[in-house]
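Colleague: Have a look; sequence and predicted model below, questions after that.
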Amino acid sequence: MSFIVPMVVAGAALISQAPHSSFTVENLCSSVDSQTLELEPFHESIVYQYQTMLYQQSGVIQSDDENTVKHKVRDFINSNMPRLLCARINFYPTNSNLLKLAVARQSQPFLDDALRVWKVDLNQIDNVDGATVLDYIIRKKAEAGSNRVLNQVYDNYYARFRAAGALTADEVRAAH
(Lines give C-alpha, C1' and ligand atoms only; values in the text may rest on other atoms or scores of the structure.)
Protein backbone atom coordinates (compact mmCIF):
# COMPACT_ATOMS: atom_id res chain seq x y z
CA MET A 1 0.00 0.00 0.00
CA SER A 2 1.47 3.32 -1.04
CA PHE A 3 0.50 6.82 -0.08
CA ILE A 4 1.66 10.33 -0.81
CA VAL A 5 2.94 12.51 1.99
CA PRO A 6 4.03 16.06 1.16
CA MET A 7 7.16 17.15 2.99
CA VAL A 8 7.70 20.89 3.40
CA VAL A 9 11.32 21.93 3.58
CA ALA A 10 12.68 25.43 3.19
CA GLY A 11 9.44 26.52 1.57
CA ALA A 12 9.30 23.72 -1.00
CA ALA A 13 7.52 20.37 -1.09
CA LEU A 14 9.08 16.95 -1.48
CA ILE A 15 6.75 14.11 -2.29
CA SER A 16 7.02 10.71 -0.65
CA GLN A 17 5.36 7.77 -2.32
CA ALA A 18 6.93 5.23 0.01
CA PRO A 19 4.95 3.16 2.47
CA HIS A 20 5.72 3.72 6.14
CA SER A 21 7.76 6.80 5.28
CA SER A 22 8.82 9.14 8.05
CA PHE A 23 11.16 11.09 5.80
CA THR A 24 12.31 14.57 6.64
CA VAL A 25 15.28 16.33 5.15
CA GLU A 26 16.57 16.92 8.68
CA ASN A 27 16.55 13.14 9.32
CA LEU A 28 18.36 12.57 6.03
CA CYS A 29 21.00 15.17 6.92
CA SER A 30 21.40 13.60 10.35
CA SER A 31 21.84 10.14 8.86
CA VAL A 32 24.49 11.33 6.38
CA ASP A 33 26.20 13.26 9.18
CA SER A 34 26.28 10.30 11.59
CA GLN A 35 26.71 7.54 8.98
CA THR A 36 24.16 5.44 10.85
CA LEU A 37 23.91 1.79 9.83
CA GLU A 38 20.53 0.43 8.71
CA LEU A 39 19.47 -2.45 10.94
CA GLU A 40 16.42 -3.47 8.88
CA PRO A 41 17.23 -2.95 5.18
CA PHE A 42 14.40 -3.58 2.73
CA HIS A 43 16.76 -3.84 -0.27
CA GLU A 44 19.90 -5.95 -0.59
CA SER A 45 22.12 -2.94 -1.45
CA ILE A 46 21.24 -0.95 1.68
CA VAL A 47 23.85 -0.56 4.41
CA TYR A 48 23.13 2.93 5.80
CA GLN A 49 19.94 4.65 6.97
CA TYR A 50 20.41 7.49 4.47
CA GLN A 51 20.15 4.86 1.71
CA THR A 52 16.85 3.60 3.11
CA MET A 53 15.49 7.16 3.22
CA LEU A 54 16.63 7.96 -0.31
CA TYR A 55 15.47 4.63 -1.71
CA GLN A 56 12.02 5.10 -0.18
CA GLN A 57 11.75 8.67 -1.43
CA SER A 58 12.90 7.50 -4.88
CA GLY A 59 10.28 4.78 -5.07
CA VAL A 60 12.78 1.92 -4.99
CA ILE A 61 11.18 -1.44 -4.30
CA GLN A 62 12.77 -4.66 -3.08
CA SER A 63 12.72 -6.28 -6.54
CA ASP A 64 14.47 -3.36 -8.32
CA ASP A 65 17.78 -4.27 -9.90
CA GLU A 66 20.96 -2.26 -9.33
CA ASN A 67 20.53 -0.14 -12.47
CA THR A 68 16.95 0.77 -11.63
CA VAL A 69 17.97 1.75 -8.09
CA LYS A 70 20.78 3.98 -9.42
CA HIS A 71 18.47 5.77 -11.84
CA LYS A 72 15.65 6.28 -9.34
CA VAL A 73 17.95 7.64 -6.62
CA ARG A 74 19.89 9.85 -9.05
CA ASP A 75 16.67 11.31 -10.45
CA PHE A 76 15.30 11.98 -6.96
CA ILE A 77 18.49 13.65 -5.72
CA ASN A 78 18.99 15.72 -8.86
CA SER A 79 15.43 17.00 -8.93
CA ASN A 80 15.33 17.71 -5.18
CA MET A 81 18.87 18.93 -4.42
CA PRO A 82 17.71 22.57 -4.13
CA ARG A 83 15.48 21.38 -1.26
CA LEU A 84 17.88 18.87 0.33
CA LEU A 85 19.32 21.56 2.57
CA CYS A 86 21.01 20.87 5.88
CA ALA A 87 21.13 23.08 8.95
CA ARG A 88 23.56 21.30 11.27
CA ILE A 89 25.71 22.47 14.17
CA ASN A 90 29.13 23.64 12.96
CA PHE A 91 28.12 23.43 9.31
CA TYR A 92 28.41 26.63 7.30
CA PRO A 93 26.85 28.08 5.34
CA THR A 94 23.66 26.99 7.07
CA ASN A 95 21.09 25.44 4.73
CA SER A 96 23.63 24.27 2.17
CA ASN A 97 22.97 21.15 0.17
CA LEU A 98 23.49 17.58 1.28
CA LEU A 99 26.67 17.10 -0.78
CA LYS A 100 28.38 19.96 1.02
CA LEU A 101 27.41 18.45 4.38
CA ALA A 102 28.91 15.11 3.30
CA VAL A 103 32.16 16.89 2.36
CA ALA A 104 32.23 18.85 5.62
CA ARG A 105 31.64 15.71 7.69
CA GLN A 106 33.84 13.51 5.51
CA SER A 107 30.97 11.08 5.01
CA GLN A 108 32.84 8.68 2.72
CA PRO A 109 29.96 6.20 2.29
CA PHE A 110 27.57 8.91 1.08
CA LEU A 111 30.21 10.52 -1.14
CA ASP A 112 31.06 7.13 -2.66
CA ASP A 113 27.38 6.53 -3.41
CA ALA A 114 26.86 10.02 -4.84
CA LEU A 115 29.99 10.01 -7.01
CA ARG A 116 30.46 6.39 -8.06
CA VAL A 117 27.10 4.66 -7.70
CA TRP A 118 24.36 7.22 -8.31
CA LYS A 119 26.50 9.70 -10.28
CA VAL A 120 24.43 12.67 -9.19
CA ASP A 121 24.62 16.15 -10.71
CA LEU A 122 27.54 17.81 -8.95
CA ASN A 123 27.03 21.18 -10.58
CA GLN A 124 23.97 22.57 -8.88
CA ILE A 125 24.49 26.04 -7.47
CA ASP A 126 23.15 26.62 -3.96
CA ASN A 127 21.04 29.73 -3.51
CA VAL A 128 22.44 30.27 -0.01
CA ASP A 129 26.04 30.90 -1.12
CA GLY A 130 25.97 30.88 -4.94
CA ALA A 131 28.48 28.02 -4.95
CA THR A 132 28.71 24.45 -6.21
CA VAL A 133 30.10 21.63 -4.11
CA LEU A 134 33.46 22.07 -5.91
CA ASP A 135 33.54 25.75 -4.85
CA TYR A 136 32.82 24.56 -1.32
CA ILE A 137 35.77 22.12 -1.43
CA ILE A 138 38.07 24.88 -2.68
CA ARG A 139 36.85 27.17 0.12
CA LYS A 140 37.34 24.47 2.77
CA LYS A 141 40.90 23.85 1.53
CA ALA A 142 41.66 27.57 1.80
CA GLU A 143 40.21 27.61 5.34
CA ALA A 144 42.41 24.63 6.27
CA GLY A 145 45.46 26.86 5.91
CA SER A 146 48.62 24.93 6.73
CA ASN A 147 46.81 21.93 8.23
CA ARG A 148 48.51 19.18 6.26
CA VAL A 149 45.89 16.51 7.02
CA LEU A 150 42.90 18.65 6.01
CA ASN A 151 44.71 19.87 2.90
CA GLN A 152 45.24 16.26 1.87
CA VAL A 153 41.55 15.47 2.48
CA TYR A 154 40.39 18.43 0.39
CA ASP A 155 42.95 17.73 -2.36
CA ASN A 156 41.56 14.20 -2.54
CA TYR A 157 37.97 15.49 -2.68
CA TYR A 158 38.90 18.03 -5.34
CA ALA A 159 40.46 15.32 -7.53
CA ARG A 160 37.52 12.92 -7.02
CA PHE A 161 34.88 15.56 -7.73
CA ARG A 162 36.73 16.93 -10.78
CA ALA A 163 37.12 13.40 -12.15
CA ALA A 164 33.36 12.93 -11.68
CA GLY A 165 32.63 16.09 -13.69
CA ALA A 166 32.26 18.73 -10.98
CA LEU A 167 32.60 22.38 -11.98
CA THR A 168 32.82 25.66 -10.10
CA ALA A 169 29.84 28.02 -10.23
CA ASP A 170 31.75 30.29 -12.63
CA GLU A 171 32.40 27.34 -14.94
CA VAL A 172 28.74 26.30 -14.79
CA ARG A 173 27.61 29.82 -15.67
CA ALA A 174 30.16 30.05 -18.52
CA ALA A 175 28.90 26.75 -19.95
CA HIS A 176 25.33 28.10 -20.20
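Modeller: It's in.
Colleague: For residue 130, give me its contacts.
Modeller: residue 169 (Cβ atoms under 8 Å, 6 or more residues apart in numbering). (Each C-beta comes from the backbone N, C-alpha and C, glycine too.)
Colleague: can you pull the pLDDT of it?
Modeller: Looking at residue 130, its pLDDT reads 96.
Colleague: is it true that it lies in a strand?
Modeller: No - Residue 130 sits outside any strand when classified using DSSP: H, G, I helix; E, B strand; the rest coil, being coil.
Colleague: how close does it sit to residue 76?
Modeller: Distance, residue 130 to residue 76, using Cβ to Cβ, to the nearest Å: 24 Å.
Colleague: Same question for residue 67.
Modeller: Relative to residue 76, residue 67 is positioned 15 Å away (criterion: Cβ to Cβ).
Colleague: Between those two, which has more neighbouring residues?
Modeller: Neighbour count, other Cβ atoms under 10 Å: between residue 67 and residue 76, residue 76 has more, with 22 against 8.
Colleague: just checking, residue 57 touches residue 76?
Modeller: Yes - judged on Cβ atoms under 8 Å, residue 57 makes contact with residue 76 at a distance of 5.6 Å.
Colleague: host element of residue 71?
Modeller: Taking DSSP states H and E as the criterion, residue 71 maps to helix 66-80.
Colleague: now for that helix, which elements pack on it?
Modeller: Under the contact definition 3 or more Cβ pairs under 8 Å, 6 or more residues apart in numbering; DSSP states H and E, helix 66-80 sits against helix 49-58.
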